[in-house]
Each structure stands twice: as C-alpha cells, then as structure tokens.
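# With the input below, show me the fold.
(chains A, B, C and D)
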Number of protein chains: 2
Amino acid sequence: MATATVISRRQAIADDLRTQITTGELKGGDRLPSETNLAAHYQVSTPTLRGALALLQAEGLIEKIHGKGNFVRHPLRRLTYIGGGRTWLDSARATPQLHITVHTSQLRAQGHLLTLLQVSAGTPLMQFLCIRHEGKSPHSLVRIYIPGAGPPPADGSCDPPRYSHGDIEARLAALRPALTEIRERVTARLPTPQEVATLRISPTLPILAISRSTVDDTGHITEAALVVLPGDRADAHFITRPMTEKERREG
Amino acid sequence: MATATVISRRQAIADDLRTQITTGELKGGDRLPSETNLAAHYQVSTPTLRGALALLQAEGLIEKIHGKGNFVRHPLRRLTYIGGGRTWLDSARATPQLHITVHTSQLRAQGHLLTLLQVSAGTPLMQFLCIRHEGKSPHSLVRIYIPGAGPPPADGSCDPPRYSHGDIEARLAALRPALTEIRERVTARLPTPQEVATLRISPTLPILAISRSTVDDTGHITEAALVVLPGDRADAHFITRPMTEKERREG
DNA sequence: GAGTGGTCTAGACCACGAG
DNA sequence: TCGTGGTCTAGACCACTCA
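Now for the predicted structure:
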C-alpha cells in the first residue's frame, strides 16, 4: 500500500504556492488573491485554504495582514546578533537600511524583571522598547531595562522623554568600561500572542529569545535586555576565549 | 476600548488544560478524554478543540498519538547548555539520572560540514552521535565531529570502534589547552522530520540548535559539534568577560 | 460600506491502533 | 469491529482596513 505519501490538500496547495514564490512567479511584496478567491481556485473550503497559508506563514514565506490580505515576504535578510556586548553595532553597520523605533517608558520592577535585574520589587526602571523594521515590516524586538529613574518628565506629563537608538547606544557604551561580565541566556520558544501581533509572524514560527544581563565590577546589574529574534531571520554568534587552567579550576 | 485581550475559545481551553497540567491535576502519562468528549465538555466544535490541543502540543505539554489519544507528557527536566567549552560537564553533574548513548562512525566531509569544519570535501571525519535519554524518552541530540581518521577497524568490519561518552569528554579535554577560541552559532528553528522521529517531539516544537567550532592556536578547527536541544527542555548560557579597550579597537 | 482576514460551527468521511 | 485522532466541508459571524 503506497499510503506512504498521502499528500493532504493543504500540503498540495502550500507546495504549489511555495514553488510560485521560490521561482519568482510571485515576488516579494506581491499580494496574493483573497482567501475566498484562492479557495475557489483550488476548489477547497476556506478553512482548508487557510491551513495551507498557515504552513507558508510558519515558514516565513508570507505575511498575513488582517483586513488587507496575504503578502509575499521580501526575501529574508538574515541578521546576526553578536554576544558579549558587541551586539547591535556590527549588525546595524552591516544592514543600514534597517531602522529602529524606540519607545521609552518608566515602570517599576515586578515579575521576571526582578530576577533578571536582581532588584527588589518596585524599583524604578527605564524601559526602552526598540523595534527594528526592514522597510515597512517589523523585523525584531528588544526591550532594554536600566535600573534607576531617568530624567523626570518636566511636569505631570505622561509622555516619557524621547530617546533615539543612538542615545541608548551611547548610554550603554558609557557603562562598558566598568563592567566585568555579560551573561546571556538563550532559549527557543514560540512567540507570545503579543509578539505575534507586533512582529506579524506566525504563532508557530520559532523565536530565539535572549535575556542579557550586564554586570559591573561591583557585582550590580547595570543593564538588562530581552531580545526577541524570529528564527527565520536571525541567529546569534558567541565567541569565547578559552579559560586558563586557573580559571577552569575556580569556575 | 478593551478589545486589547480578546481571548479566543481555543486559547481559553488551552489555558484551562494547561493549568490542569501544571498544577498536577493532570499528571505525566495521563490520557486526556477523547477529543469528542472534550469538545462536548467545553461546548465547542471539534476543530476548535483541536486548535487548543495543537497549542499545547506545540508547547510540548501533550503528545498526540493517532488512534490512541492525547497524553500528558512527563514533566520536563530543564537542562542548561553552557557555552565556551564548559558544555556538558556541569549539566551532566547536575542531572546524573540522564544517560547518554554514543554511536561512532567514520565518514567523509561534505555539505554543510565543509564550512563548519573548514576542511575540503572528502576529508575523513570521526562522528560521535550522542543521544541523551531521560528514562526511556530521548531528551536531546549532539553530533560531534573530529577531523582525521580514528583508529581503523580491525579488519573489513563495518562496525566502527565503540566509545563511551567519557572517552569523548577526555578527548575533547585533551584538545583544550592549545585552543584559542570557541565559536558558537545559535539558531531557533522547527525540527526536521528526522529529529521529530528520533526525539519524539511535536513538529511545531521549537528547536535550539547550536553549531560549535573549537579552534586551536594555529587557526585549525580541532572539533565541531551540532547540538540539538528541544526548546521546552533546554536553554543555553553564555558568560562573556568584556573586551579590553585594545581588543575592542582591534575586533 | 465594501472587502479582507479571523474565528467558529456541526456535521462528514478517512486512517490508525488495539482487541 | 470499535474508538481514536486527521482532514475536510459549506457555510456563518466578527474584526480590521481603507476609501
């Protein structure tokens, strides 16, 4: 019995659309026909057709935008996060057409931030929410936290002060000379519904999540960051010098 | 407008089942009620209920077995890969009940191994395929490659020589004093069908993949490894000492 | 308001596993 | 054979985008 390869309808449709995309018949930025039309064309019901599109979305080939349509993604520009504090500088140089929007806010430490920053609950924090864009599509997401209140707002205004990404770079660079080590914890997980929305990715597209703590020579954490990198467009590099014999015994 | 959190039916059901699992109301190995019964209990249609189960499967909480039912996975023992060459020693100590099976083979370099090991096609390699088990379930997977032929088989026998995991550790440790750096490239991706089979995981469970190259002081790669860690049961830590000013200028 | 995707329904039929 | 999960249908209704 050659039941070995029972190709489901959604697989067959996904295969067809995938070859149209990879052969260039459908180019990056193109809008697909509406799901209703596609369903009629392939003679399947809409849920089945949506199953096919979900596969393509999980592969990062298409982008679904509610109310507008399904769009072929531009060929993915792979970005490399570099560990050890050399993080965004190199990649920003390598791909200058990426731009970053920053939202600044102040909040008080709670939840997982307590362990990440090693502070007690209620400690004031500056949060920098940085979203990288490639063209009009969101690419990746970083939240940077710095303990201690930033410059207070002029009056009772709710608007936090505005910072550019350059400001943050400068501020982080200023912290560097005194630091003793950078700890980076890397996990692979599915995106949260929130991340699905802001990054417009599939709920089944793996996320490379990095939580980074920068420790100064007094043992305090001067900065922490939560980096969210969709797995289809980013990876991370770490280069480590070997420990000496002495370090290995003590470590 | 409080449209911010419209919880879908499948999310609500997944949340309910998830808390039942994490609180221990449903234990590892338990079989869930049939999808038809669950759908009746939650008063939803079967496709909706299956959507909820798909979420739990992607999180690694349940395992679907066609024709038998849906089963709660045994609680996951989280393991930490430590970068920079201190890789398996610490974690093995921390969880001694994990055991590792090693399959040794010889092959000739080709494909992606060429760039990983920086050798030319056809170079003989030793491959150590290490599978970690926790009890009877496979946990994670490492392939270690060392350029150069190992001890040749006694005669024409196809069986490669057998090594224990300790042998490999010893061999890697012997390489360490002369090495200059370890490069680790970390990605998040979906598992290959092969990995789905050998690790018995969901096709939508994110994988943390690490490819590691160990470079000696002559610039040659003495060892490389491909580490496959299911995202629900492992993460990776990297600790970096900061570069000096001199290093930063040169780097 | 017109058109789009997002979610859901209440069934149907097929494929697999075990007795 | 029976109960299970896997796939699919032909609609319905809601939410979002844009003119």
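
# Just to check, residue A:35 is in contact with residue A:52?
No. Assessed by C-beta atoms under 8 Å, residue A:35 is found out of contact with residue A:52, at 9.8 Å. Placement of C-beta: from N, CA and C, glycine included.

# Which one's more surrounded, these two?
When neighbours are counted by other C-beta atoms under 10 Å in any protein chain shown, residue A:52 comes out ahead of the other of residue A:35 and residue A:52, with 25 against 17.

# Need the pLDDT of the more buried one.
On the pLDDT scale, residue A:52 is placed at 92.

# so after whichever strand or helix holds it, what's the next helix or strand?
In this structure, residue A:52 sits in helix A:46-58 according to DSSP states H and E. Downstream of helix A:46-58, the first helix or strand assigned by DSSP H and E is strand A:62-65.

# Quick one: list the elements packing against that next one.
helix A:46-58, strand A:69-72 (3 or more C-beta pairs under 8 Å, 6 or more residues apart in numbering or on different chains; DSSP states H and E).

# buried sites along it?
A:62, A:63, A:64 (16 or more other C-beta atoms under 10 Å in any protein chain shown).

# Stretch A:211-231 too?
A:211-216, A:221-231.

# Also stretch A:185-204?
So stretch A:185-204, judged by 16+ other C-beta under 10 Å, has buried residues A:185-191, A:195-196, A:199-204.

# ok, now stretch A:99-112?
A:100, A:102, A:104, A:109.

# closest to residue A:74 among the buried residues of strand A:62-65?
residue A:63 (9.3 Å; C-beta to C-beta).

# Can you lay out the buried residues of strand A:62-65 as TSV showing distance to DNA strand C and pLDDT?
Output for the buried residues of strand A:62-65, formatted as TSV (distance: C-beta to the nearest atom of the strand, whole Å; pLDDT from 0 to 100):
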residue	distance to DNA strand C	pLDDT
A:62	10	91
A:63	10	90
A:64	4	90
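
# Between the residues you listed, which sits nearest DNA strand D?
The closest of the buried residues of strand A:62-65 to DNA strand D turns out to be residue A:64 (C-beta to the nearest atom of the strand; 11.2 Å).

# Let's test this: mean pLDDT of stretch A:205-221, rounded?
So the average pLDDT for stretch A:205-221 ends up being 89.

# Can you give the distance from it to the centre of its chain?
15 Å (C-alpha atoms, centre = their mean, to the nearest Å).

# can it be found next to chain B?
Yes. Stretch A:205-221 is in contact with chain B by C-beta under 8 Å from any C-beta of the partner chain, via A:206, A:207, A:208, A:209.

# Next: stretch A:181-194.
Yes. Interface with chain B: stretch A:181-194 contributes A:181, A:182, A:183, A:184, A:185, A:186, A:187, A:188, A:189, A:190, A:193 (C-beta under 8 Å from any C-beta).

# what residues are up against the closest residue to the fifth one other than its chain neighbours?
Beyond its immediate neighbours in the sequence, the residue positioned closest to residue A:185 (C-beta to C-beta, 6 or more residues apart in numbering or on different chains) is residue A:211, lying 4.9 Å away. By C-beta atoms under 8 Å, 6 or more residues apart in numbering or on different chains, the residues touching residue A:211 are A:116, A:184, A:185, A:224, A:225, A:226, A:227.

# if we can go back for a sec, next step: the buried residues of stretch A:99-112 restricted to helices.
Using DSSP state H, no member of the buried residues of stretch A:99-112 falls in helices.

# Chain B next: which of these are close?
Counting by C-beta under 8 Å from any C-beta, no member of those reaches chain B.

# follow-up on the earlier one: can you tell me which of the residues of stretch A:205-221 next to chain B is closest to DNA strand D?
residue A:206 (20.1 Å).

# tell me which element the closest residue to DNA strand D within the stretch 151-251 of chain A falls in.
Using C-beta to the nearest atom of the strand, the single residue of the stretch 151-251 of chain A nearest to DNA strand D is residue A:197, 9.7 Å away. Residue A:197 is part of helix A:193-199, with elements assigned from DSSP H and E.

# Residue A:223 too?
Counting by DSSP H and E, residue A:223 is found in strand A:221-230.

# What helices and strands are in contact with that strand?
Right, strand A:221-230 is packed against strand A:79-82, helix A:112-117, strand A:137-147, helix A:165-175, helix A:193-199, strand A:207-216 by 3+ C-beta pairs under 8 Å, 6+ apart.

# right, so these: which one is the most enclosed?
strand A:207-216 (a mean of 22; mean count of other C-beta atoms under 10 Å in any protein chain shown).

# Tell me which strands that one pairs with, and in which orientation.
Sheet pairing for strand A:207-216, assigned by DSSP bridges, gives strand A:179-189 (antiparallel), strand A:221-230 (antiparallel).

# Among those strands, which comes closest to DNA strand C?
Per C-beta to the nearest atom of the strand, nearest to DNA strand C of these: strand A:221-230, 16.6 Å.

# Send me the closest one as CSV with only the CA atoms.
The C-alpha trace of strand A:221-230 is given here as CSV (Å, rounded to 0.1, in the frame of the first residue of the first chain):
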residue,chain,number,x,y,z
ILE,A,221,23.5,44.7,37.1
THR,A,222,23.7,47.9,35.2
GLU,A,223,21.6,46.9,32.3
ALA,A,224,19.4,44.1,31.1
ALA,A,225,17.8,43.3,27.8
LEU,A,226,15.2,41.0,26.4
VAL,A,227,15.9,40.3,22.8
VAL,A,228,13.3,38.7,20.6
LEU,A,229,14.6,37.4,17.3
PRO,A,230,12.3,35.5,14.9
